[in-house]
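Trainee: mind folding the following:
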Amino acid sequence: MIGYTTVGTNDFDKAAAFYDALFESRGIKRTMEAENYLVWAESMETTAFSLVRPHDGKEATVGNGVMIALEMENEDAVKAFYNKAIELGGTCEGEPGPRGDTFYVGYFRDLDGNKLNAFCIMKK
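Mentor: Just a heads-up that it's a prediction; the model follows:
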């Protein structure tokens, strides 16, 4: 159902380097780029993640209660992606671990304060 998600940034080059390195840890590269936006996806046919300078020229702000969840294949992938985000300067919003019986997730914020998580459904 979701085609792509977008977060804004106030430091485009720094945020681009953060997401290049973070997504590269999963083998994902940029699929589109222009002066004011970048897009990462596994292919042009899959869900994408984009970074933008706000079109209205105003400061990018973080939405209260807004979060983007990135699906991983297993718990080890969740831990690795979360750890990469922290290594790149992201901040912890909840270390990786089980939440309930089948949900495994690690929460973090990017360099601009946007909240994301890496998650998987645990195999029984």
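Trainee: against Thr46, how distant is Met111?
Mentor: Slight slip there: residue 111 is Leu, not Met. Summarising the geometry, the distance separating Leu111 from Thr46, computed by Cβ to Cβ, to the nearest Å, is 25 Å. (Each C-beta comes from the backbone N, C-alpha and C, glycine too.)
Trainee: what about the two, which has more around it?
Mentor: Leu111 (18 against 11; other Cβ atoms under 10 Å).
Trainee: pretty sure that one sits against Asn10.
Mentor: No: using Cβ atoms under 8 Å, Leu111 and Asn10 do not qualify as a contacting pair, with a distance of 9.3 Å.
Trainee: contacts for the lengthiest strand in the chain, please.
Mentor: Among all segments of the chain classified by DSSP state E, the strand with the greatest residue count is strand 91-99. With Cβ atoms under 8 Å, 6 or more residues apart in numbering as the test, strand 91-99 has contacts from 75, 78-79, 82, 86, 104-109, 115, 117-118, 122.
Trainee: switch the cut-off to 6 Å
Mentor: Applying Cβ atoms under 6 Å, 6 or more residues apart in numbering, the contact partners of strand 91-99 are 78-79, 82, 104-109.
Trainee: then it to CSV, C-alphas only?
Mentor: Included here for strand 91-99 are C-alpha records, laid out as CSV according to Å, rounded to 0.1, in the frame of the first residue of the first chain:
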residue,chain,number,x,y,z
THR,A,91,20.1,8.4,18.7
CYS,A,92,18.5,5.5,20.6
GLU,A,93,14.7,5.6,21.1
GLY,A,94,14.6,2.0,22.3
GLU,A,95,17.2,-0.7,21.9
PRO,A,96,16.4,-3.8,19.7
GLY,A,97,14.4,-6.4,21.5
PRO,A,98,11.1,-8.3,21.5
ARG,A,99,7.9,-6.3,22.1
